[in-house]
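Trainee: Mind looking at a prediction? Sequence and model below.
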Amino acid sequence: FRTIKELLESMRDAIKAHQSLYVTGNILHRDISSNNIIITDPATADGFKGMLIDLGLAKIRDSGPSGARQQTGTMQFMAVEVLRMVDHTYRHDLESFFYVLLW
């Protein structure tokens, strides 16, 4: 990122993408990390400055537990409860966004 504003706008858009995945698509991302948030050119990305990528660990909501109480995501950005083997929820992804911002 070139400026703090660009960083914050990119994070905002990635969080909005996460919300859309969760609310509209019934998908929980489960791997929020600095490598999975990209800064885009708003002129070529429908006005968005940030995108959320890599759905390799994503899970459809309401399809049972988020996994066999396994850790999901990138270690540096995992929510504390996920490290303690608690089922992954959207709140854990939001905590991971916070850790990315601190990174």
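Mentor: Everything's here; your move. Everything quoted here is computed from the prediction, not taken from an experiment.

Trainee: gap between the residue nearest to residue 82 when sequence neighbours are not counted and residue 46?
Mentor: Counting by CB to CB, 6 or more residues apart in numbering, the nearest residue to residue 82 once its immediate chain neighbours are dropped is residue 92, at 5.1 Å. Any C-beta I mention is one placed from the backbone N, CA and C, and that applies to glycine too. Per CB to CB, to the nearest Å, residue 92 is found 28 Å from residue 46.

Trainee: does residue 97 belong to a helix or a strand, and which?
Mentor: helix 90-102 (DSSP states H and E).

Trainee: could you say what helices and strands that helix packs with?
Mentor: Applying 3 or more CB pairs under 8 Å, 6 or more residues apart in numbering; DSSP states H and E, one finds that helix 90-102 contacts helix 4-23, helix 80-83.

Trainee: The same query, at a cut-off of 6 Å, please.
Mentor: helix 4-23 (3 or more CB pairs under 6 Å, 6 or more residues apart in numbering; DSSP states H and E).

Trainee: Name the residues of the helix it packs on that are buried.
Mentor: Neighbour counts over helix 4-23 (16 or more other CB atoms under 10 Å) mark 7, 9, 10, 11, 13, 14, 15, 17, 18, 21, 22 as buried.
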